[in-house]
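*Asks:* Take this sequence and fold it.
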Amino acid sequence: MSGQGGDRLAHTSSRGVFVTMGGFGGKTLIQVASTVVLARMLTPADFGLVAMITAIVGVADLVRDFGLTGAIIQAKQLSERMWMSVMWLSVALGIGLTAIIAVSAPLIAMLYGEERLIPLTLAIAPILLINGLSMPMQARVQRDLKFGTLANIDVVSMLCGVVLGIGAAAMGWGVWSLVVMSGAGQLYRLIALWVASRPRFGRPYISREVVPLVSTGGSIFGVQLLNYAAKNADNVIIGQQMGPAALGQYSRAYALYLLPMQQLNGTLGRVALPVLSKLQDDGDRYRRYIRGALMIIGYLTIPVYAVAAAVSSPLIAILLGPGWEQAATLFSLLAIAGIAQSIGSVLGWLYITLGRAHRQLVYYLVTRPMVIGGYFLGIWWAGVEGLALVYGLLTLVLLVPGFYYATVGTFVRVGDIIRPIVRPVILAPLCFGAAFGVERLTDGLPTIVQLLLGAAAGVVPLFVCLAIPAYRRDLAAIVGFVKQVRKPAAAKASNDPKAETKAETEFEAAVDTSVETVGETTGITDSRKADS
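*Replies:* Below you'll find the predicted structure:
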């Protein structure tokens with residue numbers, strides 16, 4: 001892909017990142033606000049009860065999707081007849097799985113030994129049908145690169161759910177306010193996606209044309225199911241062995257640790273999948289996109305997790321209030337997994353957009369059971385804290401074989417993965433040490449002062465490292481990406497095709513220069529040749 005078409009894609013993707021980031025930023029602020037408010041209105045057991053159900057219902061939701069979202073985005077062409085078939089298939093899966101979960105409510109209650117889960121499960125089950133209706137419409141909007149539309153829907157749907165959920169909690173609904181929050185948000189999302197995509201269902205019919213999508217989706221589904229099991233078996237194990245109160249502490253810590261990852265990785269992922277799918281036949285630009293994304297992920301998530309882990313005690317005290325002290329410890333331990341998963345999110349991009357969904361399934365069949373086994377080992381060793389620590393360390397170690405298996409035999413090289421993140425990784429212990437030291441020295445001061453001073457100290461190493469030329473080049477590369485958002489638009493207004501390519505060239509050259517210097521300063525070399 002080259003010329004003005006490629007330039008428009010670069011501009012669309014870079015602007016899409018910032019538009020989507022704005023949406024995720026709005027969602028993050030709303031989610032933090034809802035957590036602060038509801039943590040003071042509800043008990044840890046209330047959150048634990050809902051987490052028990054969602055760990056099970058989430059599996060059904062993956063079956064309902066069956067990997068079709070990823071398959072739709074990856075597909076090069078989709079006829080209108082195929083779209084209608086996908087919509088009817090998704091609706092049928094939603095109806096069937098809603099019924100199965102509703103019938104299984106007594107079994108779910110029996111698993112945890114909690115009779116209160118029966119009515120809660122019956123109330124949550126219809127969300128599967130709502131999601132079945134929403135999935136094809138969201139995939140179409142995302143495939144059409146309408147990132148602003150999706151960002152608006154994300155923010156307003158979450159705001160709708162949170163407002164109604166807090167209102168229900170204020171009226172004394174307890175755990176049911178969490179059900180209201182989830183259901184109201186998903187219902188608004190369905191209505192908004194319907195308006196945005198104007199779907200045509202036609203008569204009920206599922207064409208054989210969807211078989212290739214189902215085949216690709218099946219492998220993606222297998223990966224998602226294994227990944228979901230690895231990320232949610234902890235909830236089932238903690239809830240079954242330690243009860244809803246312990247699970248409530250863990251689930252709130254887990255939700256907060258996900259926020260930085262959702263903000264950046266969720267943003268980049270939504271944009272990256274359709275963009276990288278369009279670059280499958282342009283290896284050089286594909287690799288440049290991967291390097292740039294990893295550099296941004298490295299600098300904007302790794303130091304954040306390091307600092308947040310160091311100041312977890314005052315941070316959780318401010319966000320959740322009294323009674324959540326265990327969540328602070330768990331948050332610090334989960335930060336290890338946060339760093340690993342932020343970088344590892346690119347694995348999914350590689351497998352899907354390089355057409356290696358079947359290969360990813362094989363890899364996950366081996367590694368996800370290892371993660372689940374780690375949960376049992378961790379909780380046996382040191383309870384909930386042991387589980388969180390083993391999970392983080394194991395996730396970090398599995399990055400190495402994961403990236404190798406994803407890229408071997410492709411035009412993506414080992415250096416494309418390692419070099420962009422070396423310098424952010426070096427910063428992590430420096431940021432943690434500075435923040436942790438100041439947090440300890442200020443013990444006894446007001447909590448908000450302790451948090452602000454600790455966080456400020458954690459940022460100092462970032463500025464100190466700018467005295468090193470390699471770090472300044474990294475900053476220039478990220479700034480070049482920001483410039484790319486506006487410059488193509490200005491070029492278009494002036495009808496100057498040469499000017500339209502300038503911003504893209506600046507960003508790609510800055511990334512290439514910055515990444516190449518890592519090999520010189522750290523001794524890392526790319527000894528494996530790409531097999532195109």
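
*Asks:* can you give me the helices for the stretch 301-450 of the chain?
*Replies:* Taking DSSP state H, counting those that start in this stretch, the helices of the stretch 301-450 of the chain run over residues 312-320, 325-353, 357-397, 399-407, 414-441, 447-465.

*Asks:* most packed of the ones you listed?
*Replies:* helix 325-353 (a mean of 23; mean count of other C-beta atoms under 10 Å). Any C-beta I mention is one placed from the backbone N, CA and C, and that applies to glycine too.

*Asks:* Tell me which other helices or strands that one touches.
*Replies:* helix 68-74, helix 211-278, helix 283-310, helix 312-320, helix 357-397, helix 399-407, helix 414-441 (3 or more C-beta pairs under 8 Å, 6 or more residues apart in numbering; DSSP states H and E).

*Asks:* Quick one: closest of the ones you listed to Phe201.
*Replies:* When the helices and strands packed on helix 325-353 are compared for distance to Phe201 using C-beta to C-beta, the nearest one is helix 68-74, at 15.7 Å.

*Asks:* Tell me how far the closest residue in space to Ile101 that isn't next to it in sequence lies from Met52.
*Replies:* Spatially, and ignoring its direct neighbours in sequence, Ile101 is nearest to Ala125 (4.2 Å; C-beta to C-beta, 6 or more residues apart in numbering). Using C-beta to C-beta, to the nearest Å, Ala125 is found at 14 Å from Met52.

*Asks:* Which of those two has more residues huddled nearby?
*Replies:* Using other C-beta atoms under 10 Å as the criterion, Ala125 and Met52 rank with Met52 on top: 29 against 21.

*Asks:* Among the helices and strands packed on helix 325-353, which comes closest to Trp194?
*Replies:* helix 68-74 (16.9 Å).

*Asks:* Measure how the following helix or strand past that closest one sits relative to helix 211-278, angle-wise.
*Replies:* From helix 68-74 onward toward the C-terminus, using DSSP states H and E, the following helix or strand is helix 80-103. Orientation of helix 80-103 against helix 211-278 (axes from the mean of the first three to the mean of the last three C-alpha atoms, to 10 degrees) gives an angle of 110 degrees.

*Asks:* What residues of helix 80-103 count as buried?
*Replies:* 82-91, 93-98, 101 (16 or more other C-beta atoms under 10 Å).

*Asks:* angle of the very next helix or strand once past it against helix 211-278?
*Replies:* Later in the chain than helix 80-103, the nearest helix or strand by DSSP H and E is helix 105-112. Compare the direction of helix 105-112 with that of helix 211-278 by the same axes, to 10 degrees and you get 60 degrees.

*Asks:* same for helix 105-112, what does it pack against?
*Replies:* Helix 105-112 packs on helix 44-65, helix 117-124, helix 211-278, going by 3+ C-beta pairs under 8 Å, 6+ apart.

*Asks:* Run the angle between it and helix 117-124 for me.
*Replies:* 130 degrees.

*Asks:* Helix 105-112: which residues count as buried?
*Replies:* 105, 108-109, 112.

*Asks:* any idea how far the residue nearest to Ile101 lies from Gln224?
*Replies:* 20 Å.

*Asks:* Same question for Leu276.
*Replies:* Leu276 sits 18 Å away from Gln224, going by C-beta to C-beta.

*Asks:* Then His358?
*Replies:* His358 is 14 Å from Gln224, by C-beta to C-beta.

*Asks:* Please apply the same query to Ser182.
*Replies:* 20 Å.

*Asks:* Now do the same for the residue lying closest to Trp380 once chain neighbours are set aside: its pLDDT.
*Replies:* In this structure, Trp380 finds its nearest non-sequential neighbour in Gly386, 7.5 Å apart by C-beta to C-beta, 6+ apart. With respect to pLDDT, Gly386 scores 96.

*Asks:* my guess is Gly386 meets Gly374, correct?
*Replies:* No - the pair Gly386 / Gly374 is not scored as a contact, 9.8 Å apart, by C-beta atoms under 8 Å.

*Asks:* Next, the angle helix 80-103 makes with the helix or strand where Leu128 lies.
*Replies:* Secondary structure from DSSP H and E places Leu128 in helix 127-143. If you take the same axes, to 10 degrees, helix 127-143 sits at 150 degrees to helix 80-103.

*Asks:* Average pLDDT for helix 127-143, rounded please.
*Replies:* According to the model, helix 127-143 has a mean pLDDT of 83.

*Asks:* Ok, stretch 170-179 next?
*Replies:* 95.

*Asks:* which parts of that stretch are buried?
*Replies:* 173, 175-179.

*Asks:* same thing with stretch 37-48?
*Replies:* Buried residues in stretch 37-48 (16+ other C-beta under 10 Å): 38-39, 41-42, 44-48.

*Asks:* now stretch 156-169
*Replies:* 156-162, 164-166, 168-169.

*Asks:* any idea how far that stretch is from the chain center?
*Replies:* The chain centroid and the centroid of stretch 156-169 are separated by 22 Å under C-alpha atoms, centre = their mean, to the nearest Å.

*Asks:* So what touches that stretch?
*Replies:* Residues from elsewhere that reach stretch 156-169 (C-beta atoms under 8 Å, 6 or more residues apart in numbering): 26-27, 30-31, 33-34, 37-38, 41-42, 176-178, 180-186, 188-189, 192.

*Asks:* swap in stretch 126-138?
*Replies:* 57, 60-61, 64-65, 68-69, 72, 83, 86-87, 90-95, 97-98, 101, 150, 182-183, 186-187, 189-190, 193-194, 196-197, 199.

*Asks:* let's go with 7 Å and repeat that
*Replies:* 60-61, 64-65, 68-69, 83, 86-87, 90-91, 93-95, 97-98, 101, 182-183, 186-187, 189-190, 193-194, 197, 199 (C-beta atoms under 7 Å, 6 or more residues apart in numbering).

*Asks:* now for the buried residues of stretch 37-48, which pair is the farthest apart?
*Replies:* Met41 and Gly48 (15.3 Å).

*Asks:* By mean pLDDT, which helix or strand of the protein comes out lowest?
*Replies:* helix 497-522 (a mean of 47; mean pLDDT, DSSP states H and E).

*Asks:* could I get the helices of the stretch 301-450 of the chain as TSV with distance to Tyr250?
*Replies:* Below are the helices of the stretch 301-450 of the chain laid out as TSV (distance: least, C-beta to C-beta, whole Å):
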stretch	distance to Tyr250
helix 312-320	13
helix 325-353	6
helix 357-397	6
helix 399-407	23
helix 414-441	22
helix 447-465	22
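
*Asks:* so which of the ones you listed gets nearest Arg143?
*Replies:* helix 325-353 (13.1 Å).

*Asks:* what is the rounded mean pLDDT of that closest one?
*Replies:* 91.

*Asks:* what do you get for stretch 156-165?
*Replies:* Mean predicted confidence for stretch 156-165 is 93.

*Asks:* Can you tell me which of the helices and strands packed on helix 325-353 is nearest to Gly454?
*Replies:* helix 414-441 (3.7 Å).

*Asks:* Who are the packing partners of the closest one?
*Replies:* helix 283-310, helix 399-407, helix 447-465, helix 469-494, helix 497-522 (3 or more C-beta pairs under 7 Å, 6 or more residues apart in numbering; DSSP states H and E).
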